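1. need a 3D model of the sequence below.
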Amino acid sequence: MPDIVTERSGSILRIQLNRPAKKNALTSSMYGAIADLLDGAAKDDGTRVVLWHGLGDSFTAGNDLEDFVKNPPGPVGSPQARLNEALINFTKPLVAAVHGAAIGSGTTMLMYCDFVYAAESARFQLPFINLGLVPEFGSSFALPLRLGHIRAAEMILLGQPFDALQATVLGLVTRVVSDQTLLSVANEVAQRLAEKPAGALQACKRLMTRPLREQLEQAARLEAEEFAARVRSAEAKEAFRAFFEKRRPDFTRTQTAEAIHDG
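-> Predicted coordinates for the structure are as follows:
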């Protein structure tokens, strides 16, 4: 079975993450494939709306860490960077239906969606700090801008999980619905959008996003540079070792090791 399944319903393109046994964890090839799909949809006059969701019990658990360790992103040209660019420049409506785990990029990518419907089961988290990493997809800029520094710091610096109701209060989610009605609600909204005048719809989105586009691009570049450095750091290596060994990471010695390396 392919890791990503697409389906056309009139002028709506549905993108389904299709690794339910892995909680739809994203590999580098999946990032690239989604970028290609969005770039293709942007150029296709027959596509007016994109609806994004996951199969199984989760939206996505974020990066597949085994694949991530084998294919760590570099500062430029990574599949993650390609997807980030595709999301920033996508001017058609993007609707997300989120249930279960929405971890890491499963949360940060939602900031580029115009409508985010969350099931009652949805659980969000930015665990980058726990892995010795920094956020991505421009979230280090977008989250403080949207939520304010205090709330963004709790999400980024503590990496605490939060539920669908809190995500709504924070302004990250359009509405919370039952798990049973999630896809039907998202489909209904996608259909209503598809019936709007496409040119005006895209113009409205361009006007809303244009003031932030350049800043998001700059934030994403800076994050990618820092992320590439952090993923190769002693802290990240210890975090990944601990994850695979199913133990708590010990960061008490990594700072000294990095200080010696920096010196």
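
2. ok, A21 - how many residues close by?
-> Residues contacting A21 under the criterion other CB atoms under 10 Å number 9. For glycine as for every other residue, the C-beta is placed from the backbone atoms N, C-alpha and C.

3. residues contacting the closest residue to it other than its chain neighbours?
-> The spatial neighbour of A21 that comes closest, neighbours along the chain excluded (CB to CB, 6 or more residues apart in numbering), is G56 at 7.5 Å. Going by CB atoms under 8 Å, 6 or more residues apart in numbering, G56 touches R19, P20, A21, K23, N24, G100.

4. how close does the second one sit to F227?
-> By that I understand P20. From P20 over to F227 the distance is 27 Å, taken as CB to CB, to the nearest Å.

5. one more: the first one?
-> With the distance defined as CB to CB, R19 ends up 23 Å from F227.

6. okay, those two: which has more neighbours?
-> F227 (25 against 22).

7. tell me the confidence at the more buried one?
-> On the pLDDT scale, F227 is placed at 93.

8. so when I look at it, I'm seeing a helix, right?
-> Yes - when DSSP: H, G, I helix; E, B strand; the rest coil is applied, F227 is found to be in a helix.

9. do a quick rundown of the strands in the protein.
-> If DSSP state E is used as the criterion, the strands of the chain fall at 4-9, 12-17, 49-54, 94-98, 101-103, 115-119, 123-125, 162-163, 175-177.

10. helices or strands next to the last one in the packing?
-> When you say that, I think you mean strand 175-177. Counting contacts by 3 or more CB pairs under 8 Å, 6 or more residues apart in numbering; DSSP states H and E, strand 175-177 packs against strand 115-119, helix 164-170.

11. what comes up buried for the shortest one?
-> Residues of strand 115-119 classed as buried: F115, V116, Y117, A118, A119 (neighbour count, 16 or more other CB atoms under 10 Å).

12. for the first one, which residues count as its bridge partners?
-> The residues listed as beta-bridge partners of F115 by DSSP bridges are V95.

13. state the distance from it to A167.
-> Computed as CB to CB, the F115 to A167 distance reads 13 Å.

14. ramachandran angles for N24?
-> The phi/psi pair for N24 (degrees, to the nearest 10) reads phi 60, psi 30.

15. can you pull the contacts of it?
-> N24 neighbours (CB under 8 Å, 6+ apart): L17, N18, G54, L55, G56, S58, F59, T60, A61, G106.

16. quickly list what the residue nearest to R8 when sequence neighbours are not counted is bridged to.
-> Leaving aside its sequence neighbours, R8 sits nearest to R14 (CB to CB, 6+ apart; 7.6 Å). Going by DSSP bridges, R14 is paired in beta bridges with E7, L51.

17. right, and R14 touches T6 too?
-> Yes - between R14 and T6 a contact is recorded at 6.6 Å, counting by CB atoms under 8 Å.
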